[in-house]
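S.K.: sequence and predicted structure are below.
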Amino acid sequence: MIKEIKVSTSSRSQFLNITGQVSREVSSSGIKEGVCTVYVPHTTAAVTINENADPDVMEDIKNYLDKTVPWSDPDYGHAEGNSAAHIKSSMMGSSADVIVSGGSLNLGTWQGIYFCEFDGPRSRRVWIKIIKD
Ligand code: ZN
């Protein structure tokens, strides 16, 4: 069974900590040992795991991506005008796996799961599949 989380973003580039929502899905599944796949079914968004302690880390990643992949570039061909969002989506990736152990996500102390918006604001979906060991 696939579970779905709904995410609402409020700006073009934004990282949202979804660790709590993913954790709740793991708890409600009743699965104690296994793997949790977090999957983003969008071409201009992504998911990543990184630091949840200092918010400057996620801000730095977001700003560096924006600087590295500018919104406008005369070399872009995609007529929709959001090539930068597509590029950043592929750079960050559409899925992340976390080990489930003892009924919980086995994340490192400083790790959180982040939904990455690159073409917001939008309503988005995140799919979660928890596979029993
Ligand atoms: Zn596009």
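M.R.: Sure, I can see it. Residues are numbered from 1 along each chain as shown.

S.K.: sheet-wise, list the partners of the longest strand anywhere in the chain with their directions.
M.R.: In the chain, taking DSSP state E as the definition, the longest strand is strand 123-132. Paired with strand 123-132 in the same sheet, following DSSP bridges, are strand 2-8 (antiparallel), strand 34-39 (antiparallel).

S.K.: neighbouring contacts of the first one?
M.R.: Right, the one you point to is strand 2-8. By CB atoms under 8 Å, 6 or more residues apart in numbering, the list of residues contacting strand 2-8 from outside reads 16, 18, 21-22, 25, 29, 115, 117, 121-130. All C-beta atoms are positioned from the backbone trio N, CA, C, and that covers glycine.

S.K.: among these, name the buried ones.
M.R.: 16, 18, 21-22, 25, 29, 115, 117, 122, 124, 126, 128-130 (16 or more other CB atoms under 10 Å).

S.K.: on the three-state scheme, the most centrally placed residue in the chain is what?
M.R.: By CA atoms, centre = their mean, the chain has its centre lying nearest to residue 47, at 2.0 Å. Of the three states, residue 47 takes strand under DSSP: H, G, I helix; E, B strand; the rest coil.

S.K.: surely it and residue 92 touch.
M.R.: Yes: under the criterion of CB atoms under 8 Å, residue 47 makes contact with residue 92 at 7.3 Å.
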